[in-house]
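> Turn this into a structure:
(4 chains)
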There are 2 protein chains.
Amino acid sequence: MTTTIEDVAQAAGVSTATVSRALRGLPNVAPSTRDHVRQVAEALNYAIDSHASRLASGRSTTIGIVMPLADQWFYNRVSTSAEAVLSAGGYDVLRYSIAAPEEQTEALRRLISGKRVDGVLIINLALANADVSLMAEGTLPVVTIETDTGKFPAIGCNNVAAAQTATRHLINLGHRQIGLISGLPDDPMHFAIPLEREQGYRQALAEHGIEVRPELNVPGNFSFAGGAEAMAQLLSIHHPPTGVFALSDEMAIGALKTIRDVGLRVPEDISVIGFDDHDVAAYVGLTTIRQPVAGYGEQAARLLLARLSGEKAAGESRIELPTQLIVRDTTGPCREKGE
Amino acid sequence: MTTTIEDVAQAAGVSTATVSRALRGLPNVAPSTRDHVRQVAEALNYAIDSHASRLASGRSTTIGIVMPLADQWFYNRVSTSAEAVLSAGGYDVLRYSIAAPEEQTEALRRLISGKRVDGVLIINLALANADVSLMAEGTLPVVTIETDTGKFPAIGCNNVAAAQTATRHLINLGHRQIGLISGLPDDPMHFAIPLEREQGYRQALAEHGIEVRPELNVPGNFSFAGGAEAMAQLLSIHHPPTGVFALSDEMAIGALKTIRDVGLRVPEDISVIGFDDHDVAAYVGLTTIRQPVAGYGEQAARLLLARLSGEKAAGESRIELPTQLIVRDTTGPCREKGE
DNA sequence: AGGTGTAATGTAAGCGTTTACATATTAACG
DNA sequence: CGTTAATATGTAAACGCTTACATTACACCT
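All right, here's what the predicted structure looks like:
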């Protein structure tokens, strides 16, 4: 026996229309009426049935966030910061963590065709054409983070340039044998970021005329363990690298452990640079490329909010936020004599 | 111009009732009809309007997770693991991150009285009596994690005993001056966990007849920075501790940095033990108390799912999952001669 | 005083499903 | 072959809101 707007209307001695208006603070309600209705509603512990409301009004004040499995620091940080601003803007958020490409299409379908939400935020997903056109055909606002579609506003950083900066840092320190701990090539989610950063790595090598040794590029899972394993492999090759660029701080920290476990010192024997500026990075002294992770979420959320409040789509197809090299203790001059 | 069930019905040449039944796989639909309807729906790119469905059926296949601000590792890990099993069970999840006690009541209200969800998962919140009775008066299934209400099933660990184990570990290594990096006493969210762990710490000291020095108990924010600051304070007191128990791994890692920054060694000069077994703990060699963080989320979610599928509430008022002392490299024998 | 504009409220028609109930169809049986 | 019981489908009434439109009540002009 839950309370309906009808109950409140009766108790307050007004019509349901007035209750609806009073509760939502619409104009053309006498202040005295509004206050009275609100008091009655409060006393009855009434809350608007969001589903009925959405059905009648077409608005659900809910936005959907679709992203890869959220147990990585990066994704959680991005989505959490987005959630915070969306929540402050009066929206609820429905989070879909995607573990496989099929789930992705399914989730999008439910969100969009199912009219579950008023807007969608996509974080780092490789969207199939079908997915994109599904979203593009409606009027539903969509904003993406690190996801290029050519159709929706995208927030991110310049991964190529940032990776180039990271690699150059190592080169400038005299390193010539530079290992790369990259993403898994056969990842079913087809993430674009690892590829972009790999490209930056190669460009930096190329501009300094450094030969690319394929065995120096070892794939890893984007996790502490992934980095540790990849590093073990790098250590096992013939001419191991004197500097290593890991595509995430988690991987870099994993690599650090492997290096130290075999008795090598950082940065004296091997330099390591990561990517992200993970919360913990400063505490383990990790040199890294900082990207404004929370900023992605906040900006994207604000953009979405603007769209939802009727702002016309401007031409900002892609917003690139700045990255920054943060030098700490895990990189240093190359001690090895040039060949 | 979105597709409705009516459109599908017409296109398939059946009634909306049949479409509804066919799409949901209900019995009493001829297999041929079912297949046909499904094909038509697929072709029309039709998806059930979840809000209309909820309004008519009373079920929303959505569950709400209410928890403190999600940018801490622990909360994200718990909620993410819960989300994974809920999602696999066919439920969507609405996440509410609470930053202040007022938001908490507000969120609960919206969720419960607003009939937004079919069930609620509460993570580590101090519930006011009003909150509890709001939830208790309905029939909505509620499961809690590290939140004691006496009304709903609760998942967690024995924080007192676990903290006792941590402290004893230090004591067994010969430490007598044991610092505690605890929670902020004036936290508006009134978290219970820090208090419980503090109690374990005190009990361990007491059972060994060790005097409690109040200046050895310094509050900190549950973060890397919070631990670092608290440690600085511990280092500044007259007789600094030779062993430190930080109530979270993040704080412990922050403490580690402060210790090393002043030129002290771990564990030779100071031992540090944390709590959680954070992902990164193994990679920085942190001794800690492991708690099954993902397990909390999974168990709670499963319990909720069971309730939702009509299982009667059993008597499991509180389920305590085991914790475990994980000794790594940050704790060692006390070098200081006894007084 | 009659007319007009504005503010406050009420009436009732949807919104897109689900589902109890009614009906039509088919199979099974004596 | 008539009767009965399933089985398959249709009809239409909710579900609890929002909102276009209608109505009422005033205050302000002229």
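
> Helix, strand, or coil at residue A:299?
Per DSSP: H, G, I helix; E, B strand; the rest coil, the secondary structure class of residue A:299 is helix.

> Return the distance of whichever residue of the stretch 51-200 of chain A sits closest to DNA strand D relative to residue B:301.
Closest to DNA strand D within the stretch 51-200 of chain A is residue A:56: 3.0 Å, counting by C-beta to the nearest atom of the strand. Where C-beta positions appear, they are placed from N, C-alpha and C, glycine not excepted. For residue A:56, the distance to residue B:301 under the criterion C-beta to C-beta, to the nearest Å works out to 32 Å.

> These two: which is more packed in?
Each of residue A:56 and residue B:301 has its neighbours counted (other C-beta atoms under 10 Å in any protein chain shown); residue B:301 has more, 30 against 12.

> And the pLDDT for residue A:338?
Looking at residue A:338, its pLDDT stands at 50.

> I misspoke; the intended subject was residue A:72.
Confidence score, pLDDT, at residue A:72: 88.

> Report the contact partners of it.
Residue A:72 makes contact with A:222-223, A:250 under the criterion C-beta atoms under 8 Å, 6 or more residues apart in numbering or on different chains.

> Can you lay out those as CSV showing distance to residue A:230?
What follows is the contacts of residue A:72, written out as CSV (distance: C-beta to C-beta, whole Å):
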residue, distance to residue A:230
A:222, 11
A:223, 10
A:250, 11
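
> By neighbours, which of these wins?
Compared across the contacts of residue A:72, residue A:250 has the highest neighbour count, 30 neighbours, by other C-beta under 10 Å.

> Now do the helix or strand hosting it, average pLDDT.
Secondary structure assigned from DSSP states H and E places residue A:250 in helix A:249-261. Mean pLDDT, helix A:249-261: 98.

> near chain B at all, that helix?
Yes. Judged by C-beta under 8 Å from any C-beta of the partner chain, helix A:249-261 comes into contact with chain B at A:250, A:253-254, A:256-257.

> give me phi/psi at whatever residue of the stretch 101-250 of chain A ends up closest to chain B?
Among residues of the stretch 101-250 of chain A, the one nearest chain B by C-beta to the nearest C-beta turns out to be residue A:113. It sits 3.4 Å away. With angles defined as degrees, to the nearest 10, residue A:113 shows backbone torsions of phi -70, psi -30.

> Show me what the least confident helix or strand in chain A by mean pLDDT is in contact with.
Of the helices and strands making up chain A, the lowest-confidence element is helix A:129-137, at a mean of 84, by mean pLDDT, DSSP states H and E. Helix A:129-137 has contacts (C-beta under 8 Å, 6+ apart) with A:104-105, A:108-109, A:112-113, A:120, A:142, A:149, A:151-152, B:45.

> try 10 Å this time
Contacts of helix A:129-137 from elsewhere in the structure, counted by C-beta atoms under 10 Å, 6 or more residues apart in numbering or on different chains, are A:66, A:101, A:104-105, A:107-109, A:111-113, A:120, A:122, A:125, A:127-128, A:140-142, A:144, A:147, A:149-152, B:45.

> just to revisit the earlier point, same for the helix holding residue A:250, what does it pack against?
For helix A:249-261, the contact count by 3 or more C-beta pairs under 10 Å, 6 or more residues apart in numbering or on different chains; DSSP states H and E identifies helix A:73-88, strand A:178-182, helix A:224-236, strand A:243-246, strand A:271-276, strand A:287-290 as packing neighbours.

> Do any residues in the third one lie close to chain B?
Same thing as helix A:224-236. Yes. Counting by C-beta under 10 Å from any C-beta of the partner chain, contacts between helix A:224-236 and chain B involve A:224-225, A:227-228.

> List the buried residues in that helix.
By neighbour count, with 16 or more other C-beta atoms under 10 Å in any protein chain shown as the criterion, the buried positions of helix A:224-236 are A:224-235.

> now residue A:271, which residues is it bridged with?
Here residue A:271 shows beta-bridge partners residue A:243, assigned using DSSP bridges.

> what about the stretch 201-339 of chain A, any weak spots by pLDDT?
Using pLDDT under 70 as the threshold, the predicted model of the stretch 201-339 of chain A has low-confidence ranges A:313-316, A:337-339.

> Report the secondary structure state of the residue of it at minimum distance from DNA strand D.
Of the stretch 201-339 of chain A, the residue with the smallest distance to DNA strand D, taken as C-beta to the nearest atom of the strand, is residue A:310 at 13.8 Å. In three-state terms, and counting by three-state DSSP, residue A:310 is coil.
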